[in-house]
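Novice: Generate coordinates for the sequence data below:
(4 chains)
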There are 2 protein chains.
Amino acid sequence: MRPTVHDIAAEAGVSLATVDRVLNGRPGVRQQTVDKVEAAVARLGYVRDVSAANLAKGRVYPLVFVVPEGPNSFMRGLEAEIRAAMQRSPAERTSITIETVPPFDPAAIVAVLDKVDAAKVTGVALVATDTPEVSAGVDRLVDKGIHVATLVSDLPGSRRTHFCGIDNLAAGRTAAGLIGRFCAGRSGKVLVVAGSMALSDHIDRASGFAAVITSEVTGLEIVGPVETNDDAERVRQAVDTAMAANPDIVAIYNLGAGNRGLLEALADADRGRYAVVVHEVTEVSRKGLAEGLFDAVINQDCGHEVRSAIRVLKARADGLMPLKAQERIRIDIFLKDNLP
Amino acid sequence: MRPTVHDIAAEAGVSLATVDRVLNGRPGVRQQTVDKVEAAVARLGYVRDVSAANLAKGRVYPLVFVVPEGPNSFMRGLEAEIRAAMQRSPAERTSITIETVPPFDPAAIVAVLDKVDAAKVTGVALVATDTPEVSAGVDRLVDKGIHVATLVSDLPGSRRTHFCGIDNLAAGRTAAGLIGRFCAGRSGKVLVVAGSMALSDHIDRASGFAAVITSEVTGLEIVGPVETNDDAERVRQAVDTAMAANPDIVAIYNLGAGNRGLLEALADADRGRYAVVVHEVTEVSRKGLAEGLFDAVINQDCGHEVRSAIRVLKARADGLMPLKAQERIRIDIFLKDNLP
DNA sequence: CAATTCCTGAGGTACGTAAATCAGAAACCA
DNA sequence: TGGTTTCTGATTTACGTACCTCAGGAATTG
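Specialist: Here you go, the predicted structure:
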């Protein structure tokens, strides 16, 4: 059997109360005694029984998630994952609230952040637009002692505790690597479509993409990025316009949402003429892959992101540092052959 | 606060003992009373506190992992993940033993399986060669009431409880999809290198690959598969030989191990002449990607596989069915741009 | 030397569930 | 009717940790 606090007390020759004081960092123990206890812990290989500790503590972690409203499939998938996490709340000792805000509206985010009650909430996770007022709002929360995790899109200028999302520079580089190989020696233009350059994930993808296209791929030249606010209709128009203006487009990279518009534009164009890479597995992008109009979809698993955010916020609330390696979110590449 | 068994007892108008009998499926309760208790559970939304239940049960799950010995990097990575899981044993209430066996040796696997003591072990996970004697050995374990999970390579003819690994047919299709696009209209031969056709994962990858190459890719013709027993030196010789015999090889798919040999063969050949797809991220395959000799690496996360096997074996030992969606292992595609 | 602070021991309760025992009550069979 | 079986209630102990109180010894201070 694994050792318990009683075994530690016996091994160290001290009382149970003293072991407890040492293990929980409470005051009133001489350094020499602390050492004795820690030596016993090391000798017996004692590990705190988390089940029992949680039971005894009866601690709960009230968390708030802030996500944008609107038809964006990815965001709706994210919200679904948060709701799934709420279902697991009893087992995880969390108590989760979802706050939805209009998309691309920094003021609305700030309003939500500012009404968070530090007495009742231990952590906040949000999908942020990268603007100074949101950064300031996050910093105010952090000053109040609330840990903040950014979801999907980071807020590099803020003092947020953690970023739960993919390395978007690498995602852009990956898209470029795929398109470079898919175009295999053909030369021409590659159209880049973005949602909003106020989102740090879009900025990073665009620059990672541009870096690889210009330095490692020969014969391709970037057009754009054109901004569409992730609106399908605007994506469609942007693509139509660009195609008309540039007959030598050979590839398209949509680093934002609104893939429905891209799909429509492609359906009207020559099938198979373009190498197309988009982001996020949704019903629309699955359809694009299945029909051969999209070649690859780069994906981030929002379920992982939500679960990671919860783990990180809980750990930080307990004063622990999360394991960086464990919390890394991977960049998934899907072709039609490996769609789940 | 969330409801406890006491609340259920009060709500249902029965005693604590009766609630306990119902919740734990013990006999001695009239159906009518069972219904009353279950209604109360539903009404109050009672969820068993897993921490407390585990604490009270004090249950441990003794598990055995069977993995092949030898220099295969992937298998060593797998073993490392199992050892990492052993470190977490106290928290997860598992007690894990690792048994190593010579690779490609069905008799050795069977010997290990047959010495497993049903009284002391609740579950076994193994990397299996797909032969009738191993299947029979697995079935004998299942007959003894021990749940068996296959790791990485499945045993479709057996009554194993669960397969923890990727869909290798889809993996082969994915490799074909990538190579088809990377070769972009060039035509010629694609060399397929395999480890052993006694491994069901290798068989599946080969047939998934062949299916897509023949039906969806035009201009490519398969050479092989050549069998190498995952030995780097034999891979090198096989590739050298095939290259000499077929000057029109444009692509190589190594669906097994021994990538070191492939790397050596490619280093001697014309750089960039071949589209190369291999399996499993290891030091060697990272090097291949970084140097531009490999175009893509298809990977299965062995950490996920080990953790999934543990979850599944624990759940089945408790008589629960694991959630199929949650235990699916994804097929990862890595280019040099998205290597973790 | 007395007073005070610091350190430690002893003992208890609580968390929510599991599992056991014992004693009645009700329902059944002979 | 007596005896048995089946169901249920009441009560207790245990799991390992957290956290509390109280008391007394040791060390330090004035």
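Novice: Tell me the residues of the stretch 151-300 of chain A that contact DNA strand C?
Specialist: Residues of the stretch 151-300 of chain A found near DNA strand C (Cβ under 7 Å from any atom of the strand): none. Just so you know, the C-beta spots here come from the backbone N, C-alpha and C atoms, and that holds for glycine as well.
Novice: now the helices for the stretch 151-300 of chain A?
Specialist: For the stretch 151-300 of chain A, the helices defined by DSSP state H, counting those that start in this stretch cover A:168-183, A:200-216, A:232-245, A:259-268, A:283-290.
Novice: Go through the ones you listed and pick out the most buried.
Specialist: helix A:168-183 (a mean of 25; mean count of other Cβ atoms under 10 Å in any protein chain shown).
Novice: That helix near chain B anywhere?
Specialist: Yes. Applying Cβ under 8 Å from any Cβ of the partner chain, one finds helix A:168-183 touching chain B at A:170-171, A:173-174, A:176-178, A:181-183.
Novice: Residue nearest the middle of chain A, spatially speaking?
Specialist: Compute the mean C-alpha point of chain A, and by Cα atoms, centre = their mean the closest residue is A:Gly165, 2.4 Å away.
Novice: Over stretch A:10-17, what's the mean pLDDT, rounded is fine.
Specialist: Taken as a whole, stretch A:10-17 has a mean pLDDT of 84.
Novice: Sorry, slip of the keys, the one I care about is stretch A:171-191.
Specialist: What stretch A:171-191 shows for mean pLDDT is 88.
Novice: closest point of the stretch 151-300 of chain A to DNA strand D, which residue?
Specialist: Of all residues in the stretch 151-300 of chain A, A:Thr161 sits closest to DNA strand D, at 22.4 Å by Cβ to the nearest atom of the strand.
Novice: What about that residue? Give its phi and psi, please.
Specialist: With angles defined as degrees, to the nearest 10, A:Thr161 sits at phi -70, psi -40.
Novice: Bridged to the spatially closest residue to it that is not a sequence neighbour, which residues?
Specialist: Leaving aside its sequence neighbours, A:Thr161 sits nearest to A:His147 (Cβ to Cβ, 6 or more residues apart in numbering or on different chains; 4.3 Å). Note on A:His147: beta-bridge partners by DSSP bridges are A:Gly123.
Novice: Helices of the stretch 1-150 of chain A, start to end?
Specialist: Remark: helices assigned in the stretch 1-150 of chain A by DSSP H, counting those that start in this stretch are A:5-12, A:16-23, A:31-44, A:50-57, A:73-87, A:89-92, A:106-114, A:132-143.
Novice: As a markdown table, the ones you listed with mean neighbour count would be great.
Specialist: Formatted as a markdown table, the helices of the stretch 1-150 of chain A follow (neighbours: other Cβ atoms under 10 Å in any protein chain shown):
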| stretch | mean neighbour count |
| --- | --- |
| helix A:5-12 | 18 |
| helix A:16-23 | 18 |
| helix A:31-44 | 15 |
| helix A:50-57 | 15 |
| helix A:73-87 | 17 |
| helix A:89-92 | 17 |
| helix A:106-114 | 18 |
| helix A:132-143 | 18 |
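Novice: Lowest mean pLDDT across the ones you listed, which one is that?
Specialist: The minimum mean pLDDT among those belongs to helix A:89-92 (a mean of 80).
Novice: what about that helix and chain B, touching?
Specialist: Yes. Counting by Cβ under 8 Å from any Cβ, chain B has neighbours in helix A:89-92: A:90-91.
Novice: how many other residues sit next to the closest residue to A:Met75 other than its chain neighbours?
Specialist: Spatially, and ignoring its direct neighbours in sequence, A:Met75 is nearest to A:Pro68 (5.4 Å; Cβ to Cβ, 6+ apart). Counted with other Cβ atoms under 10 Å in any protein chain shown, residues neighbouring A:Pro68 total 24.
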